[in-house]
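>>> let me see the structure of the following:
(one chain, ligands or ions: 2)
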Amino acid sequence: MEQDIRQAYATTEPAGGLRVHLITFGCQMNEYDTHLVRSELAGLGASFVETTEEANFVLVNTCAVRGKPVEKLRSLLGELRKQKHRQPLLVGVMGCVAQLPEGQDMARKFEVDILLGPGALTQIGRAIEADHKFWDLSFRDDLNTFTPPPPQGVLSSFVSIIRGCNHHCTYCIVPRTRGPEISRHPDDILKEVQAQKDAGVLEVTLLGQNVNSYGKGRSGYPSFAELLKLVGQIGVNRIKFITSHPVNFTDDIVRAIAETPQVARYVHLPVQSGSDRVLKRMAREYTRDWYLNRIQAIRASISEVVISTDIIVGFPGETEEDFQETLSLYEQVGYDHSYMFIYSPRPGTPSYLHFEDLPREIKVERLQRLIETQKRWSYERNRAWVGRTVEVLVHGRAKETGYAEGHDRGNRPILLPVNEAPKPGLYTAIVKQATPHLLLAERHTTLEPIGSQA
Ligand code: 5AD
Ligand code: SF4
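Numbers count the residues shown, from 1 in each chain. Ligands and ions are numbered 1, 2, ... in the order given. Predicted coordinates:
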């Protein structure tokens, strides 16, 4: 069956007959990687379709960080196997799950044709040309020098600056799936940012599992702080970056943000827990005091900075006392926003191997308390913006009828009446109302939209 499809497009244009449906689970790095693979496939003549039914090649970019996306993948692959038995269909799995034994077991069980680890994405062309099952789980140098063309017709986009992670947080599967840190060459990064700007992008997000480590151990590479300044000189309207690690968030980075006006007034600084005891068991390499000192340094230098975090609730051995420490840290920092996760045991991680998972009811109940705390703070922070003027990057229509959606320089979500912001672009607006989740604004009456798309 699989050979039939491959013969169908194995003409002068190798992927000419391929109708590809791409599915992406997980983080922004995965979105970027999907774009990278899409651009490779497009270059080979493939076309893209919106549903699995229309496709003869379904390629899934996967996420292994928690159990849920892995389970979703499992049921998706079950469905695809059924489809495969009805009509010719190539199935590919790429990204973090592909790198793990559980992904490889799934590939065997569900008759997956192509398996590409997160370090082998540039092999997609070879994979579709092969006439046999194609697995590549290597970490290839050419991924690091690969510069995908800019995405078309979007105002916000991503640029990868560093792949992998040299930390070893005990709950985290990423060091196993994505390997050690490798920084991209600064020339490639700057070239890609410039190309995106030329294509109309107004906001670039620099990506990596730990962007703060950028350039470490590479002679002649700038540090992350220096890179921020270099990217700032290109003149993209906004620069964001994720994700940071508190240990590597040094003062020079704080200064670079403060001194580079293009850099968004937004810092995402994952804390994971407010308890020193838990931080130690997580091997986060810092204490609560260290983290709070970083927050203090950020707030002291970057005016009106928005701060968000990642938190894991119910890490093995977390007591009610430990959880109280997390709640009190939330009161001390007053995050604008946070991504709150229930601990998910990941096979192969140290915490999976050595610690016992807490009962689900305890984890869920703690999460609910933390959500309430965050909601209160988000409302508090958002409320302070009512009556103020903000610069909104509008992406398009919101799911709320009659509204366009966007976000400001602090990454706060903003809704504007769609008739006041009919096209994507940059607008200035006055905030009229706040909820815990967003700001409702009206377009500023005296100022015109900024930017070529508006
Ligand atoms: N369980 C729950 N959350 C996790 N994260 C990473 N690993 C796990 C896990 N095993 C969260 C962390 C990280 C974010 C990307 O995902 O908070 O910062
Ligand atoms: Fe995972 Fe920790 Fe690395 Fe983040 S810093 S990717 S949580 S090991």
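>>> list the contacts of Ser157.
Each residue near Ser157 by CB atoms under 8 Å, 6 or more residues apart in numbering is listed here: Pro150, Pro151, Gln196, Val201, Glu203, Val204, Thr205. Just so you know, the C-beta spots here come from the backbone N, C-alpha and C atoms, and that holds for glycine as well.
>>> may I ask which helix or strand encompasses the nearest residue to the fourth one once chain neighbours are set aside?
Nearest non-adjacent residue to Val201, counting by CB to CB, 6 or more residues apart in numbering: Ser157, 4.9 Å away. Using DSSP states H and E, Ser157 maps to strand 156-160.
>>> which helices and strands does the following helix or strand past that strand pack with?
Next along the chain after strand 156-160, taking DSSP H and E as the criterion, comes strand 162-163. When contacts are defined as 3 or more CB pairs under 8 Å, 6 or more residues apart in numbering; DSSP states H and E, strand 162-163 packs onto strand 182-183.
>>> partner strands of the strand it packs on and their direction?
strand 162-163 (antiparallel) (DSSP bridges).
>>> contacting residues around Lys191?
Thr147.
>>> ok so it is a helix residue?
Yes: assigned with DSSP: H, G, I helix; E, B strand; the rest coil, Lys191 falls within a helix.
>>> now do it against ligand 1, distance only.
Going from Lys191 to ligand 1 by CB to the nearest ligand atom, to the nearest Å gives 28 Å.
>>> then Glu442?
Note on Glu442: its distance to ligand 1, by CB to the nearest ligand atom, is 35 Å.
>>> hmm, back to that, may I have the strand holding Ser157 as PDB, with CA atoms only?
Extracted in PDB, the C-alpha atoms of strand 156-160 (Å, rounded to 0.1, in the frame of the first residue of the first chain):
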ATOM      1  CA  SER A 156       4.300  37.200  14.500                       C
ATOM      2  CA  SER A 157       6.800  34.500  14.000                       C
ATOM      3  CA  PHE A 158       9.500  32.400  15.600                       C
ATOM      4  CA  VAL A 159      13.300  32.000  15.100                       C
ATOM      5  CA  SER A 160      15.200  29.200  16.800                       C
END
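>>> beta partners of the residue nearest to Val201?
Applying DSSP bridges, one finds that Ser157 bridges with Val204.
>>> thought Leu415 was touching Ala429, still the case?
No: when contacts are counted by CB atoms under 8 Å, Ala429 is not listed as touching Leu415 (9.8 Å).
>>> so what sits against both of the two?
Common neighbours of Ala429 and Leu415 (CB under 8 Å, 6+ apart) are Ala441.
>>> quick check, Leu440 in a strand?
Yes: if the criterion is three-state DSSP, then Leu440 is within a strand.
>>> for it, what are its contacts?
Contacts of Leu440 (CB under 8 Å, 6+ apart): Ile414, Leu415, Val431, Lys432, Gln433, Ala434.
>>> low pLDDT regions in this protein?
Low-confidence segments of the chain, defined by pLDDT under 70: 1-16, 445-454.
>>> residues of it that sit close to ligand 2?
Cys165, His167, His168, Cys169, Cys172, Val174, Pro175, Gln209, Asn210, His245 (CB under 6 Å from any ligand atom).
>>> quick check: the residue nearest to Val201 vs Ile414, distance?
Using CB to CB, to the nearest Å, Ser157 is found at 19 Å from Ile414.
>>> how about Pro118?
Pro118 is 33 Å from Ile414, by CB to CB.
>>> can you check Pro246 too?
Pro246 is 28 Å from Ile414, by CB to CB.
>>> neighbour-wise, which of those two wins?
Ile414 (25 against 22; other CB atoms under 10 Å).
>>> wait, that one touches Ala404, no?
No: using CB under 8 Å, Ile414 is not in contact with Ala404; the gap is 9.0 Å.
>>> please tell me I have it right and Asp142 contacts Ile124.
No: between Asp142 and Ile124 there is no contact under CB under 8 Å: 11.9 Å.
>>> who has more neighbours out of the two?
Between Asp142 and Ile124, counted using other CB under 10 Å, the more crowded position is Ile124 (25 against 10).
>>> which phi and psi does Phe315 have?
In terms of degrees, to the nearest 10, the main-chain angles of Phe315 are phi -60, psi 150.
>>> how many residues are close by the closest residue to it other than its chain neighbours?
Excluding the flanking residues, the one nearest Phe315 by CB to CB, 6+ apart is Tyr343, at 4.9 Å. Applying other CB under 10 Å, we find 23 residues neighbouring Tyr343.
>>> is Tyr343 in contact with Tyr171, as I believe?
Yes: shown here, Tyr343 and Tyr171 form a contact pair, counting by CB under 8 Å, at 6.5 Å.
>>> mind listing the shared neighbours of these two?
Common neighbours of Tyr343 and Tyr171 (CB under 8 Å, 6+ apart) are Ile312, Phe315, Ser351.
>>> quick one on the thing from earlier: pick the one among the contacts of Leu440 closest to ligand 2.
The shortest approach to ligand 2 among these belongs to Ile414, at 28.8 Å (CB to the nearest ligand atom).
>>> helix/strand/coil for the closest one?
strand.
>>> tell me the contacts of it?
Contacts of Ile414 (CB under 8 Å, 6+ apart): Val390, Val392, Glu405, Gly406, His407, Asp408, Ala429, Val431, Leu438, Leu439, Leu440, Ala441.
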